[in-house]
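>>> Sequence and predicted structure, then a few things I'm wondering about:
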Amino acid sequence: MSTATAPVAPDTIDALRAVVAQSDRAGEKIAIAGGNTLCGMGLPLDAPALMLSTLRLAGVVANERADLTIAVRAGTTLQGVNVLLAGQGQFVPFDAPQPQYATVGGTLAAG
């Protein structure tokens, strides 16, 4: 999955929305990448026009320790989530290779 241009890496939801809307209007395919730890899974896209990186869409949105819930952005690494939760005596049982690079979004997408 290679493209002629560098990956687009929006850092806000509004910027992401604009990139996706523009690609939709142009009828362009988007390839989405996070940490690329499982990039060989699934069928390859036929000539995506745009590589969209989620790495700048990272961080905690909400963390309700007492309710055992956490919401993070797609580009947040599993290691980042594990470090935060370990400090609270909690964990999420994700088992993905290279957790320092693997993102929550990519792990969920890869199943």
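Nice, I can see it.

>>> Mark out where each domain of this structure begins and ends.
Per automatic domain parsing, the structural domains of the chain span 13-53, 60-110.

>>> which stretch among these comes nearest Ala6?
Among the domains of the chain, domain 13-53 comes nearest to Ala6, with 7.8 Å by Cβ to Cβ. (Each C-beta comes from the backbone N, C-alpha and C, glycine too.)

>>> on that earlier part again, can you redo the domains of the chain as a markdown table with distance to Ala6, mean neighbour count and mean pLDDT?
A markdown table is the format used below for the domains of the chain (distance: least, Cβ to Cβ, whole Å; neighbours: other Cβ atoms under 10 Å; pLDDT from 0 to 100):
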| stretch | distance to Ala6 | mean neighbour count | mean pLDDT |
| --- | --- | --- | --- |
| domain 13-53 | 8 | 14 | 87 |
| domain 60-110 | 16 | 15 | 93 |
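
>>> Helices of this structure, start to end?
Ranges of helices in the chain, per DSSP state H, are 13-26, 78-86, 104-110.

>>> I'd like to know which of those lies nearest to Gly34.
That would be, of the helices of the chain and by Cβ to Cβ, helix 104-110, which comes in at 3.7 Å.

>>> From one end of stretch 28-40 to the other, what's the distance?
End-to-end distance of stretch 28-40: 21 Å, with Cα to Cα, to the nearest Å as the criterion.

>>> any residues touching that stretch, and which ones?
1, 3, 7, 19-20, 23, 45-55, 74-75, 77, 96-98, 101-103, 105-107, 109-110 (Cβ atoms under 8 Å, 6 or more residues apart in numbering).

>>> Equivalent analysis for stretch 71-78, please.
Taking Cβ under 8 Å, 6+ apart as the rule, stretch 71-78 contacts 34-35, 53-63, 80-81, 92, 94, 96, 99-107.

>>> can you give me the strands for the protein?
30-33, 50-53, 60-64, 69-72 (DSSP state E).

>>> Might you report the residue contacts of Val20?
Contacts of Val20 by Cβ under 8 Å, 6+ apart are Ile30, Leu52.
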